[in-house]
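Peer 1: Test case, fold it:
(2 chains)
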Amino acid sequence: MLLSFSPTFVLAQEGEAGDVERRQEAQAAHDALVKDLTKGVREWQRKAQQAVAEARKNNKPLPAIAMTPPTEEYLGRAFDLAKEHAGEDTAILFHGFVLKYAGSKDAESVKKSLVTLTLDHAASPTIGDALGRLGAAMQLGLREPIMELFTEVIDTNPSAAVKGTAMLERGKLLLAGESEADKKKGLQELEAVAKMADKKLAAAAEKALFPITRLQVGCEAPDIVGKDVDGVAFKLSDYRGKAVLLDFWGFW
Amino acid sequence: MIPHERSLVDKYKNRPFALIGVNSDGTHQAKGLANYRKQAEKMGVTWRSFQDEGNSPRISEDWHVQGWPTLYYIDHKGIIRHKNVRDEAEMERVLEEMIAAAEQDAK
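Peer 2: As a prediction, this is how the structure comes out:
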C-alpha cells in the first residue's frame, strides 16, 4: 500500500509503521463500507419511489414497501471486517459502524457489537469514538448492554479522558431518556463531568446541560447576539421592557 | 402560523410587544437572502429575525432546538415564561398577560 502522502506514516518509528498502516487500511475499509451503504440506501429509495409512481400511473394499488432500508448486507460486511481485526483497536471502527447505521430490525447485530466492545475493547484508547454512537441502540431498547459497556469502560480504561468521555456520553443518553429516574441520573452525571478538570469535557457537559440550566420556564433567557437578515447587528436583550415572542422558524 | 403571527404584530403594534424570529433559511448567503425577501414580501413578514446560520454554533444549535417552529415566551424582564404554546387562542391569552405586566411595570 502506498502511504507516502501521510506525514504520520513518514514520521512513525519502526514498528509503529505497521500499526499506522493497519489503522489506515481499516479506516479505508470502513469508509468504503459507508459509501456502499449510502449508495445502497439511495438505490432502495429510488426503486421504492419508482414502484409507487408506476402503480399510480396504472391505477394499481400502491405496493407494500419495506419501512426500513436494507442494512443487513452492510452490517454483515462490517462483522466480517470486525472479525478480521478481532482483538485489535481497529475493530472498534466496524462495531461503531454497526451502532451508527443499524436499523430498527437490527437489534441482534447491535447487541453483538455492544457485547464485543464490552468484552474486548473497554480498555482501548479509541473506545470513546463508539460511545457517542449509542443513541440508536438505546432506541432499540438495549439499555442493559449499553450500561454494561459504560460501566466496563469507566472501571477498566486507564485513560482519564476516555473515562470522562464515557461519563459524558452516559449522562447525555440518560438525560435524553424516557424515565424520570434516568433523567435525574443523567443530570447528576453531567453535573459531575461539568466540574472535571478536563476543560473540553467540562464544556461538553455544560453544553449538554444548557437546556436544563438555562432554558427552563423561570430562567432568564440567554442573550442572543447576532445579525438580522439584513446584516444589522442586534441583541435579544435590546428588547427588555417588552414581552417577546421568540420564534425559531423558516419558510421552507 | 405566519398569518396568525402577522395578526399578532398588528394587534399589539402600539403595546410593549416584539415578535423576534431566528430564521433558518440560509440568509447568510445571497441565494437564501433573495428567497427570504421574496417570501417575506409575499407572506407579509415584517418582523425582525436573527440569521440562524453564519453563527458558530448556530443559534438553534446553541438553544438545542429540535423541531421547527420552536417558541419561547420571554417577559419584559427577560424571564422565560412559557415554551411552545401553539394554540392560537392560548397564545393570545399568555401574550396579553405578559404585555399587561410590562405595561404595569412601565407606569
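
Peer 1: mind listing the helices for chain B?
Peer 2: Along chain B, counting by DSSP state H, helices occupy B:2-11, B:30-43, B:59-62, B:88-106.

Peer 1: Comparing those, which comes out most buried?
Peer 2: Ranked by mean neighbour count under mean count of other C-beta atoms under 10 Å in any protein chain shown, these are led by helix B:59-62, which reaches a mean of 18. (Glycine included, C-beta is placed from N, CA and C.)

Peer 1: Alpha carbons of that one, in PDB - could you do that?
Peer 2: Extracted in PDB, the C-alpha atoms of helix B:59-62 (Å, rounded to 0.1, in the frame of the first residue of the first chain):
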ATOM      1  CA  ILE B  59     -28.300  29.900  17.400                       C
ATOM      2  CA  SER B  60     -30.700  27.000  17.100                       C
ATOM      3  CA  GLU B  61     -27.900  24.600  18.000                       C
ATOM      4  CA  ASP B  62     -27.000  26.600  21.000                       C
END
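
Peer 1: contacts for that helix?
Peer 2: For helix B:59-62, contacts defined as C-beta atoms under 8 Å, 6 or more residues apart in numbering or on different chains pick out A:210, A:222, A:224, A:226, A:248, B:22, B:24, B:50, B:52, B:55, B:70.

Peer 1: Roughly how far does A:Lys172 sit from chain B?
Peer 2: Going from A:Lys172 to chain B by C-beta to the nearest C-beta, to the nearest Å gives 11 Å.

Peer 1: A strand includes that residue, no?
Peer 2: No: secondary structure assignment (DSSP: H, G, I helix; E, B strand; the rest coil) places A:Lys172 in helix, not in a strand.

Peer 1: how about the strands in chain A?
Peer 2: Per DSSP state E, chain A carries strands over the ranges A:225-227, A:233-235, A:243-249.

Peer 1: got the ones you listed as CSV, with mean neighbour count and mean pLDDT columns?
Peer 2: CSV is the format used below for the strands of chain A (neighbours: other C-beta atoms under 10 Å in any protein chain shown; pLDDT from 0 to 100):
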stretch, mean neighbour count, mean pLDDT
strand A:225-227, 16, 96
strand A:233-235, 12, 96
strand A:243-249, 24, 97
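
Peer 1: Distance to A:Lys199 added to those strands, as TSV?
Peer 2: Below are these laid out as TSV (distance: least, C-beta to C-beta, whole Å):
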stretch	distance to A:Lys199
strand A:225-227	23
strand A:233-235	27
strand A:243-249	29
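
Peer 1: could you redo the ones you listed as CSV and give each row distance to chain B?
Peer 2: What follows is the strands of chain A, written out as CSV (distance: least, C-beta to the nearest C-beta, whole Å):
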stretch, distance to chain B
strand A:225-227, 4
strand A:233-235, 7
strand A:243-249, 4
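
Peer 1: Tell me how far the nearest residue to B:His4 once chain neighbours are set aside lies from chain A.
Peer 2: Counting by C-beta to C-beta, 6 or more residues apart in numbering or on different chains, B:Glu88 is the residue found nearest to B:His4 once chain neighbours are left out, at 5.4 Å. B:Glu88 is 12 Å from chain A, where distance means C-beta to the nearest C-beta.

Peer 1: Quick one: residues contacting the residue nearest to B:Ser49 when sequence neighbours are not counted.
Peer 2: Excluding its sequence neighbours, the residue lying closest to B:Ser49 (C-beta to C-beta, 6+ apart) is B:Gly21, at 3.2 Å. By C-beta under 8 Å, 6+ apart, the contact list for B:Gly21 reads A:246-249, B:47-50.
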